[in-house]
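K.L.:
How does the following fold in three dimensions:
(chains A and B)
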Amino acid sequence: IAGITQAPTSQILAAGRRMTLRCTQDMRHNAMYWYRQDLGLGLRLIHYSNTAGTTGKGEVPDGYSVSRANTDDFPLTLASAVPSQTSVYFCASSQGIAAYNEQFFGPGTRLTVL
Amino acid sequence: GQNIDQPTEMTATEGAIVQINCTYQTSGFNGLFWYQQHAGEAPTFLSYNVLDGLEEKGRFSSFLSRSKGYSYLLLKELQMKDSASYLCAVRDSDYKLSFGAGTTVTVRA
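P.N.:
You can find the predicted model right below:
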């Protein structure tokens, strides 16, 4: 079934540890996104990639990095996790960046940093 | 920054109609999206408006007024499965999506 997969589903992490959240899509979408969702704040954009080989910063990029080596994969790395990064992380993709392109979301990764 | 406001919670009875309002102030406008998100699940696309007026899709309709910075999502003939959060999102001048905090709709029997 075509779509977006994320791994892991959930993770408990000690503060200071490095963590990579994985995201893979098989829809051959050009654009990919990482959001975090916190209660009362809604979805906030962390980083995005309009096409393979390019990345950009969103609203809350500090403490996170991304890479886009190919079309399908868009990993998000926390270099040194802090408790404020406890959140649900959603990866999304869209065919392109045209105004009408809807975004498709992965199932999410629930991350707890202690 | 972007400012997107929607009510936090709404409750309605099965079979009834509920209207979820969304007001926005953003840097540029390239369309407004509504997403549905059931608890513990990913958001899924419901509707897209870029021109003023009403878009109807089955039991769900979405309205946009660009001059007022206003949209609403209308859910008709409510069913228990419609209990979810509804997210309003605006695509800005950089073509990025900014989301409201979401409206949790509870449908009671």
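K.L.:
can we go C-alpha only for contacts and neighbour counts from here?
P.N.:
Noted.
K.L.:
B:Ala101: what's it in contact with?
P.N.:
A:39-43, B:4-6, B:8, B:87 (Cα atoms under 8 Å, 6 or more residues apart in numbering or on different chains).
K.L.:
For the chain, which segments count as strands?
P.N.:
Assuming you mean chain A. Using DSSP state E, the strands found in chain A span residues A:4-7, A:10-13, A:19-25, A:31-38, A:42-49, A:56-57, A:64-66, A:76-78, A:87-94, A:104-105, A:109-113.
K.L.:
Can you look at chain B instead?
P.N.:
Using DSSP E, the strands found in chain B span residues B:3-5, B:9-13, B:18-25, B:32-37, B:44-49, B:53-57, B:60-65, B:70-75, B:84-91, B:97-99, B:103-108.
K.L.:
What separation is there between the closest residue to B:Pro7 other than its chain neighbours and B:Val50?
P.N.:
Distances taken as Cα to Cα, 6 or more residues apart in numbering or on different chains place B:Thr103 nearest to B:Pro7, at 5.6 Å, with adjacent residues excluded. Distance, B:Thr103 to B:Val50, using Cα to Cα, to the nearest Å: 21 Å.
K.L.:
So for these two, which sits in the more crowded spot?
P.N.:
Neighbour count, other Cα atoms under 10 Å in any protein chain shown: between B:Thr103 and B:Val50, B:Thr103 has more, with 24 against 18.
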